[in-house]
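Colleague: Quick one: sequence and predicted model below, then my questions.
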Amino acid sequence: MRPLTPFAADVLDVVEAIPPARVLSYGDVAELLGAGGPRAVGAVLSRYGGGVPWWRVLRADGTPPPQHAAEALARYRAEGTPLRGDRVDMAQARWDGGAVGTL
DNA sequence: CGTGTGACACGTA
DNA sequence: TTACGTGCCACAC
């Protein structure tokens, strides 16, 4: 277990709350948290994303992390996430984020 | 406490 | 569509 920063714990909390077939952009996660920015969220998932559905967090234009694109695409197909070619259809797959407050 | 870095966002060409 | 520049935030050194 690596030492988790408060911000990192918060980010992971939100990512775990994302329901199947739904996604959030890095910026959306930061906005739901009300703190940090997309860069910070990406950094957290890169370091501590091993225990959460990291594939449900991707870039605002729907492109999954290039280094894990194949893995992410497999997950999207398995969950039935709306795809548009090799990118996620953010217009449909974007999560409301309403359940974050119900933790 | 300054500097570099990253699974980013966005405007412009 | 890709490429480049700028702004952004947290963290390791």
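Modeller: Nice, I can see it.
Colleague: residues contacting A:Y26?
Modeller: A:38-39, A:41-42, A:45, A:57-60 (C-beta atoms under 8 Å, 6 or more residues apart in numbering). Where C-beta positions appear, they are placed from N, C-alpha and C, glycine not excepted.
Colleague: Which pLDDT does the model give it?
Modeller: Per-residue confidence (pLDDT) for A:Y26: 97.
Colleague: Find the nearest non-adjacent residue to it, please.
Modeller: Closest residue to A:Y26 apart from its sequence neighbours, by C-beta to C-beta, 6 or more residues apart in numbering: A:P38 at 3.8 Å.
Colleague: The helix or strand harbouring A:R39 - what's its average pLDDT?
Modeller: Assigned by DSSP states H and E, A:R39 belongs to helix A:38-48. Averaging pLDDT along helix A:38-48 yields 94.
Colleague: elements contacting that helix?
Modeller: helix A:6-17, helix A:26-33 (3 or more C-beta pairs under 8 Å, 6 or more residues apart in numbering; DSSP states H and E).
Colleague: buried residues in that helix?
Modeller: Neighbour counts using 16 or more other C-beta atoms under 10 Å place A:38, A:40-45, A:48 of helix A:38-48 among the buried residues.
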